[in-house]
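Engineer: got a structure for you, letters missing:
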Ligand SMILES: [Zn+2]
């Protein structure tokens, strides 16, 4: 992982994008220290803390979780004396994912089911043992403003977009935005509870803040081209999904038919299915928090990947 200085007292820690779970984090090294997101397991979070210790020796007084996905908050327990800050809906839904379940999945590399074995292989670099979930206790509704010895930090709620409790971390004077998973850069987005329409508005909000540096939840640093390209992807998938929906195609059939075009170069392009399924949910008029069958979607993503591969080798 790389520690990058973005402005005086402002850092990003970037993990090399390897697909599932390789998220980014941030540090503001003043006013007691504030960490934006921890990592998916304890070993990776310890490595993150070692990176931050190079520029800020004391434990950070505050940790902000941009949202509830484990790859942004399962290292919280390594900050036992820190104030954990997150959106109210992030805290409410914090227990939706289970480290024990992920650890069991990671151990299933010999599964007879090829999709399960594939996911287990993707999880090989992670170790979910020993994780105790520590949800935010300082809760944000619309926004929260902090002053860290002169560095202004705005926590802005933009959900339900990628998840219900999505927060942006905006530093107006330094012109930096930490987006959490509202933005994936050069990797295919995957969304949970929320709507594509609100996700596009959230991306517009990032652009309107006019940052010089955008730190995505996954992928390399970028400028405004990052949120603009991802919005174009969501709009493209939405339009193609609407056509397929009108023809009565099932989501997997629709995803197989949609040409990923330039987005095929983004990591995990098979997440297209997740985005088609989301589009269908909205087209069926279902609420933004309608339950989704995650296991079935991961099975479908595996099938989509196989279908693309066999098309390429034909
Ligand atoms: Zn993430």
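Structural biologist: That came through fine. These numbers were taken from a predicted model, which means no experiment stands behind them.

Engineer: phi, psi for the residue minimising distance to the centre of the chain please.
Structural biologist: Nearest to the mean C-alpha position of the chain, counting by Cα atoms, centre = their mean, stands residue 181 at 3.0 Å. Dihedral pair for residue 181: phi -90, psi 20, per degrees, to the nearest 10.

Engineer: pretty sure it is touching residue 70, no?
Structural biologist: No - contact criterion Cβ atoms under 8 Å: residue 181 and residue 70 do not qualify, at 11.6 Å. In short, each C-beta sits where N, CA and C put it, glycine included.

Engineer: ok, back up a step: out of everything not next to it in sequence, what's closest to the residue nearest to the centre of the chain?
Structural biologist: residue 217 (3.7 Å; Cβ to Cβ, 6 or more residues apart in numbering).

Engineer: so the one you found versus residue 168, what's the distance?
Structural biologist: 11 Å (Cβ to Cβ, to the nearest Å).

Engineer: quick check: buried residues in the longest helix anywhere in the chain?
Structural biologist: Longest helix of the chain, by residue count under DSSP state H: helix 225-246. Buried residues in helix 225-246, counted by 16 or more other Cβ atoms under 10 Å: 226-227, 229-231, 233-234, 236-238, 240-241, 244-245.

Engineer: quickly name whichever of those residues is closest to residue 275.
Structural biologist: residue 237 (4.6 Å; Cβ to Cβ).

Engineer: excluding its backbone neighbours, what's nearest that closest one?
Structural biologist: Going by Cβ to Cβ, 6+ apart, residue 237 has residue 275 as its nearest residue, at 4.6 Å.

Engineer: do residue 117 as well
Structural biologist: Closest to residue 117 by Cβ to Cβ, 6+ apart is residue 111, at 4.6 Å.

Engineer: isn't that neighbour right up against residue 120?
Structural biologist: Yes - shown here, residue 111 and residue 120 form a contact pair, counting by Cβ under 8 Å, at 6.7 Å.

Engineer: so the two - more neighbours on which side?
Structural biologist: The neighbour count for residue 111 versus residue 120, taken as other Cβ atoms under 10 Å, is higher for residue 120 (18 against 14).

Engineer: just checking, what packs against the host helix or strand of that one?
Structural biologist: Here residue 120 sits within helix 114-122, counting by DSSP states H and E. With contacts taken as 3 or more Cβ pairs under 8 Å, 6 or more residues apart in numbering; DSSP states H and E, helix 114-122 sits against helix 99-106, helix 294-313.

Engineer: was I right to think residue 155 contacts residue 88?
Structural biologist: No - assessed by Cβ under 8 Å, residue 155 is found out of contact with residue 88, at 11.9 Å.

Engineer: overlap in contacts, those two.
Structural biologist: residue 140 (Cβ atoms under 8 Å, 6 or more residues apart in numbering).

Engineer: so which elements touch the longest helix of the chain?
Structural biologist: helix 196-209, helix 251-257, helix 272-283.

Engineer: give me the number of residues near residue 167?
Structural biologist: 29.

Engineer: sorry, slip of the keys, the one I care about is residue 202.
Structural biologist: 25.

Engineer: gap between it and the ion?
Structural biologist: 15 Å (Cβ to the ion, to the nearest Å).

Engineer: now residue 168
Structural biologist: From residue 168 to the ion the distance is 14 Å (Cβ to the ion).

Engineer: isn't there a strand covering that residue?
Structural biologist: Yes - under DSSP: H, G, I helix; E, B strand; the rest coil, residue 168 sits within a strand.
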